[in-house]
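**Student:** Predicted model follows, preceded by the sequence.
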Amino acid sequence: MGLEDLTTIRAAAGLPAAAQSYWWVMPLVVAVSVAAASFWAWRSIRENRAIARRRATLDLIERSESSDYYRRAAAAFSAVRRDPQGFEPLFAPTNPELQAQRRRVLDFLNHYELVAIGIRDGVLDEAFYRRWMRSVVIRDWAAAEAFVQHIRAPTPDSGLDADTSAAFAQFEAMAEAWRDGRRFDGRQRVSISGRRARTPAATRRRTAG
């Protein structure tokens with residue numbers, strides 16, 4: 001059916017000439033309405049997800065700071081960070097007390113790694129956590145870097161049998177991104193040789209003590 005046929009039908013139906021000329025208005029209005037409804041639905045879903053991420057981030061911060069487990073791990077890390085000997089006594093400790101302290105330090109680092117993975121996967125809100133913890137994250141990574149590099153290195157005294165060449169890679173990438181004023185996207189990591197490499201993989205397993 002052609003345009004002339006449609007015009008003939010409308011004329012036979014007694015439609016005014018103006019209405020016959022603007023027959024396309026109604027389909028356009030319907031199309032615009034559908035597009036607008038889709039946009040607002042998408043925007044609502046996006047805002048709800050952002051709210052959920054911020055709530056999850058706040059919950060994580062509150063639970064961590066009120067947890068005895070986290071407080072003990074944070075206290076152990078802080079004590080080592082302030083000690084003039086630094087982390088070196090924890091490289092391969094034989095003393096039971098130092099071994100226990102090493103496990104608590106690893107628990108603390110694992111917390112940061114979990115946060116970084118949560119941010120990378122969109123579970124946690126990066127902007128919210130960065131505003132709260134940026135300077136602390138940068139400081140703690142700088143303090144622990146030599147210890148982490150020792151864990152990653154395949155040396156006899158590294159104290160671990162599993163492959164740990166990518167241990168705490170997400171924590172490192174997050175700290176370095178924030179130090180450099182960049183957003184953390186989870187794709188950067190440093191190999192044990194110190195060269196920069198790009199990989200989408202993450203270190204999801206916990207590092208053993």
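**Tutor:** Perfect, I can see it now. Numbering: from 1, shown residues only.

**Student:** Tell me which helix or strand in this protein has the weakest average pLDDT.
**Tutor:** Every helix and strand of the chain was ranked by mean pLDDT, DSSP states H and E. The lowest is strand 196-198, at a mean of 40.

**Student:** could you say what helices and strands the one helix or strand residue 111 maps to packs with?
**Tutor:** Using DSSP states H and E, residue 111 maps to helix 96-120. Packing partners of helix 96-120 (3 or more CB pairs under 8 Å, 6 or more residues apart in numbering; DSSP states H and E): helix 25-66, helix 68-82, helix 126-152, helix 169-179. All C-beta spots, glycine's among them, are computed from the backbone N, C-alpha and C.

**Student:** quick one: it to helix 169-179, angle?
**Tutor:** Following axes from the mean of the first three to the mean of the last three CA atoms, to 10 degrees, one obtains 70 degrees for the angle between helix 96-120 and helix 169-179.

**Student:** tell me which residues of stretch 75-90 are tucked away?
**Tutor:** Neighbour counts over stretch 75-90 (16 or more other CB atoms under 10 Å) mark 76-77, 80, 87, 90 as buried.

**Student:** Not counting it itself, show me its contacts.
**Tutor:** 98, 101-102, 104-105, 108-109, 140, 143-144, 146-147, 150 (CB atoms under 8 Å, 6 or more residues apart in numbering).

**Student:** mind running it again at 7 Å?
**Tutor:** Stretch 75-90 is contacted by residues 98, 101-102, 104-105, 108, 143-144, 146-147 when judged by CB atoms under 7 Å, 6 or more residues apart in numbering.

**Student:** Stretch 101-114 too?
**Tutor:** Here stretch 101-114 makes contact (CB under 7 Å, 6+ apart) with 64, 70, 72-74, 76-77, 80, 90, 93, 137, 140, 144, 168, 170-171, 203, 206-207, 209.

**Student:** Show me which of those are buried.
**Tutor:** 64, 73-74, 76-77, 80, 90, 137, 140, 144, 168, 170-171, 203, 207.

**Student:** if we can go back for a sec, could I get the buried residue list for the helix holding residue 111?
**Tutor:** Residues of helix 96-120 classed as buried by neighbour count (16+ other CB under 10 Å): 101-120.

**Student:** just stretch 142-151 next, same as before
**Tutor:** Buried residues in stretch 142-151 (16+ other CB under 10 Å): 143-145, 147-148, 150-151.

**Student:** Report the two of those separated the most.
**Tutor:** 143 and 151 (14.3 Å; CB to CB).

**Student:** Tell me where the model's unsure across the protein.
**Tutor:** Low-confidence segments of the chain, defined by pLDDT under 70: 1-25, 28-30, 34, 37-50, 154-162, 186-209.

**Student:** doesn't residue 124 fall inside a helix?
**Tutor:** No. Counting by DSSP: H, G, I helix; E, B strand; the rest coil, residue 124 is located in no helix; its state is coil.

**Student:** right, and it touches residue 56 too?
**Tutor:** Yes. Under the criterion of CB atoms under 7 Å, residue 124 makes contact with residue 56 at 5.9 Å.

**Student:** quick one: which of the two has more around it?
**Tutor:** Ranked by neighbour count (other CB atoms under 10 Å), residue 124 and residue 56 place residue 124 first, with 22 against 15.
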